[in-house]
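Undergrad: Here is my input; please provide its structure:
(chains A and B)
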Amino acid sequence: MSKINREDIQIISRCSNWSEKGVSKTLGDAVYANKPSWLAFLRLLFLGIGVSFTVAGIIFFFAYNWADLNKFVKLGLMEGLVLLVSLGAVFFRANPLIRKILLTAAAVLVGASLAVFGQIYQTGANAYDFFLAWVLFVTIWVCIARFAPLWVIYIALINTTVFLYADQVANDWSELFVINLLFIINLFFLVGFLLISKFNPERRFPTWSTHLLALAISVLGTLGVSMGIFEDPEPLFWALLILTGVTYGFGIWFALRAHNTFYLAIICFSIILIICALLLRASDGAGMFFIIGLFIIGSVTVLIKILMELQRKWTT
Amino acid sequence: MDNIKDIEPFLDTIGAVEGSAFSFDENAIKAEYAKQHKRRSNLVIKVLSIFGILFATFAFFGFLAILGIYESELGMLLLGSILIVLSLLLNIKFDTLIVDTFGASIYVLGIALVSFGLISFELHEDLTTFLIITIALCSLFVVQNYILSFISILIIASGFLVFIFSKDLFELLHFYTAFYALALAYCSFNEPQFFTSGLKVSKIYGPLRIGLIFSLLFGLVAVGNYRLAPMSQNLNWISSLVHISIILYLVGPITKTLGVDSKNTKIWIYTLTCLTLLPTLFAPSISGALLIVLLSFRVNHKTGLGIGIVALVYFVIQYYYDLNLTLLVKSILLFSSGVIFVLFYLFLIKKAPTNEKV
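TA: Presented below is the predicted three-dimensional model:
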C-alpha cells in the first residue's frame, strides 16, 4: 500500500465527516516533518548559516580599512586563510559534507584573495582575467570535491569570464557568437553531469543542478534565436538554430526516456516563444498580437495537457 | 496515493478511530480521485501555466493598445468588466484546462483594464484601489479555481501596497507584513480546520497558502529596502516582533516533535532561540523569511520552503550590504554569529547523533 499524502487527506475530508482532530493527527503522522527530518534540517540550517556567516565575516574583515595594511600582509593573510580552510577540508574526515562545504568556502576565498590582488595592483574589479584566474585556480578542487553547489559556482564563473572577455577584449565578437559560445559551454556541462549521473550513480548530480543548467541553456537558446529572427540572418544564427534544434530534439528524447516533465516544459515553452517571435516578425499589427495571445493560450494548454498525461502515465 | 483501491483500507482505519459516527460518500471520493487523476499537476506545470498566462496577457495588452482602447475610458471600463465577468462565468460553467488558462488570462487583462478605466475617469485612487480589492475578494468567493484564486490573492495584496505607497504611509508596511505573517501562520497551523470546513474553503487552501507567502514576501521586500520604501528604521521592530513571536510559538510544536520533555532543556531552547532571533529585531525581512522557511518545513510544503530559503539568502545579503556600519563592525557581527551557528550545529550533532536525511 502506498503512503497517504496531503491530497488524499484533503479529498477524504471533503467527502466525509472526518473530524478535525482526526485530520490533524493524520497530517501530523503522515505529512508533517518528523523528528529525523527536523534534526537533519536544523543541522543543515545551522551549518549552512554558520559557515557562510563566518566566511563572510572574514571577507568583510579584510575589506575593512585595507589601506592601513601592508600589501604583503594583505596577500599573506588571504593566502593563509585559503590555506587554512583548504587544510581543514583535507584533515576534517569525520563528515564528507563539512569537507565539501569547507572546500567551497576555500574556492570562494580564492576569489577574495584575487580581488585583493586586483585591488593592490589596480587590475580592475570587472577585468575578465580576474574571473579567468579564479576559474583556473579552483578547477582541481571543483573536480575532486564532487559538490553540486561548487560546480554551479564554477560554471557561473566560466560564464562570467566569457561574457567579460567578449565585453572588454574581443570587441569583434557578435552577440550571437557569445550566445553560441555560452550555449555550447553550458550544454557541455549539462551533458557531462547527465553522463556522470548515469554511468556513476554514486557521483550522481542532484536534479536541481541539472535543471538549473537546462534552464540556462533554454533561456540562451530562446534569446539567441529570437534575436536572430528580428535581425538580418547571419551564418551564426543558422548555427545557433541548428544547435538549438538538435539540443531540443535530444532534450525531448531524453526527457521522455528519463520521465522528466521539467525538460519537456522548458523546451516546449522555449519553442512557443520562438514561434511567437516568428509571428511578430511576420506582422506587428493588432491582429497579430491577438493571434499571438490566442496561440500562447492554446499551445500552453496543449502542452500542460500532454505533460499531465505523461505524468499520469509515468506514475501509474 | 496513486490507486483508489489503496484508499479503502485507510478509510477503514479512519472509521475504526472515529467510531460509528464516521461516514463518507464513496462515489464523491471516487469522482474526486478521477478528477485528480485527470488533472494532476506538479510545480513545473503550475509555473508553466503562470508564465503562459503572463505572456498571453502581454500579447492581449499589445493587441488592445494598437486598437487604441487606452484612448477610451468607457471602453476600458466596459471591456474590463466584461472580461472579468466572462472569466468567472467560464470558470463556473466549464472545468477544462483551456478555459482555466484563457479565463485567468482575460481575468488579469480585465482587472488591468478596469483599473486603467477607473483612473482615467479621475476617480479617487483610494476608491479605485478599494474597488479592485473588492472585485478580487468577490472573485475569490465565486470561483475556487487554483490559478484564479492565487491571482486574486496577489491582487488584494497589491491593492494594499498601492494604498500604502500612494499615500506615502510607509510605516503601515509593518502592519501589512504583520497581518500577512499572522495570516500565513494561521493558515499553516490550522490546515485541518481548512480541510474540514466545506468544499469551498478546502479548495481555496492551496492557492491561499502560496498566495499568502508571496504577499508576505512583497511586504518583506518593501520593508527591507529603504530605497523602495523610505521610512524610519526605528519601527522595524513592530514587524519583527510579530515574526519572532510566531517563531517562538512554533518552537513549542518543534520541541514536541523532537521529543524534548525536560523543562530545563525547553527553557534553554527558548532562551537560545530568543538570543538568536534578537539581532533580527531590526531586520524584519530576515525574520520574516526565516518564518516562511520554518512554517513551510513544518507542514512539508516544498515550494514554500524553496521560496523561503532563496528569500532568506537574498535578505541576509541585502541587510549586510545596506547596514550603515563600518566593515569592521559588520565583520565582527557576521563572524561571531557564524561561530555561534557552528556551535549550535556541533551541539546538535553531539546531542542527537543520527544520520537521517531531510
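Undergrad: so what's residue B:187 up against?
TA: B:194, B:205, B:208, B:209, B:212 (Cβ atoms under 8 Å, 6 or more residues apart in numbering or on different chains). Yep, even glycine has a C-beta here, placed from its N, CA and C like the rest.
Undergrad: which of those residues lies closest to chain A?
TA: Chain A lies nearest to residue B:205 out of those, by Cβ to the nearest Cβ, at 7.5 Å.
Undergrad: I'd like the distance between residue A:43 and residue A:50.
TA: Counting by Cβ to Cβ, to the nearest Å, the gap from residue A:43 to residue A:50 is 10 Å.
Undergrad: overlap in contacts of the two?
TA: In terms of Cβ under 8 Å, 6+ apart, residue A:43 and residue A:50 are both contacted by the residues residue B:345.
Undergrad: Specify which member of the contacts of residue B:187 is nearest to residue B:110.
TA: residue B:208 (21.6 Å; Cβ to Cβ).
Undergrad: burial count for the closest one?
TA: For residue B:208, the count of nearby residues is 21 (other Cβ atoms under 10 Å in any protein chain shown).
Undergrad: That one and residue B:154 touch, don't they?
TA: No - assessed by Cβ atoms under 8 Å, residue B:208 is found out of contact with residue B:154, at 11.3 Å.
Undergrad: For residue B:135, give its distance to residue B:307.
TA: Separation of residue B:135 from residue B:307 (Cβ to Cβ): 27 Å.
Undergrad: Give me the more crowded residue out of the two.
TA: More crowded of residue B:135 and residue B:307, by other Cβ under 10 Å: residue B:135, with 23 against 20.
Undergrad: correct me, but that one touches residue B:114?
TA: Yes - proximity of residue B:135 to residue B:114 meets the contact threshold set by Cβ under 8 Å, at 7.1 Å.
Undergrad: Need the overlap of contacts for these two.
TA: Common contact partners of residue B:135 and residue B:114 (Cβ under 8 Å, 6+ apart): residue B:84.
Undergrad: low pLDDT regions in chain B?
TA: B:1-5, B:37-40, B:352-358 (pLDDT under 70).
Undergrad: ok, and the closest non-adjacent residue to residue A:208?
TA: Leaving aside its sequence neighbours, residue A:208 sits nearest to residue A:148 (Cβ to Cβ, 6 or more residues apart in numbering or on different chains; 7.5 Å).
Undergrad: And for the one you found, the neighbour number?
TA: Neighbours around residue A:148, by other Cβ under 10 Å: 18.
Undergrad: ok, now which ones touch it?
TA: Listed by Cβ under 8 Å, 6+ apart, the contact partners of residue A:148 are A:205, A:206, A:208, A:209.
Undergrad: what about 6 Å?
TA: When the contact criterion is Cβ atoms under 6 Å, 6 or more residues apart in numbering or on different chains, the partners of residue A:148 are A:205, A:206, A:209.
Undergrad: just residue B:213 next, same as before
TA: By Cβ under 6 Å, 6+ apart, the contact set of residue B:213 is B:292, B:304, B:307.
Undergrad: And residue A:86, by the same measure?
TA: residue A:106.
Undergrad: Could I get the pLDDT score of it?
TA: We have a pLDDT of 88 for residue A:86.
Undergrad: does it belong to a helix or a strand, and which?
TA: Here residue A:86 sits within helix A:71-91, counting by DSSP states H and E.
Undergrad: Now that helix: buried residues?
TA: A:74, A:77, A:78, A:81, A:82, A:85, A:86, A:89 (16 or more other Cβ atoms under 10 Å in any protein chain shown).
Undergrad: then it to CSV, C-alphas only?
TA: The C-alpha trace of helix A:71-91 is given here as CSV (Å, rounded to 0.1, in the frame of the first residue of the first chain):
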residue,chain,number,x,y,z
LYS,A,71,50.2,44.8,0.6
PHE,A,72,52.3,41.7,1.6
VAL,A,73,50.4,41.4,4.8
LYS,A,74,47.1,41.6,3.0
LEU,A,75,48.1,39.0,0.4
GLY,A,76,49.7,36.8,3.1
LEU,A,77,46.6,36.9,5.2
MET,A,78,44.3,36.0,2.3
GLU,A,79,46.6,33.2,1.2
GLY,A,80,46.9,32.0,4.7
LEU,A,81,43.2,31.8,5.1
VAL,A,82,42.8,29.9,1.8
LEU,A,83,45.5,27.5,3.1
LEU,A,84,43.8,27.1,6.5
VAL,A,85,40.4,26.4,5.1
SER,A,86,41.6,24.0,2.4
LEU,A,87,43.8,22.2,5.0
GLY,A,88,40.6,22.0,7.2
ALA,A,89,38.9,20.3,4.2
VAL,A,90,41.8,17.8,3.9
PHE,A,91,42.0,16.9,7.6
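Undergrad: quick one, the very next helix or strand once past that helix and helix A:71-91 angle?
TA: Beyond helix A:71-91 on the C-terminal side, the first helix or strand identified by DSSP H and E is helix A:96-120. If you take axes from the mean of the first three to the mean of the last three Cα atoms, to 10 degrees, helix A:96-120 sits at 170 degrees to helix A:71-91.
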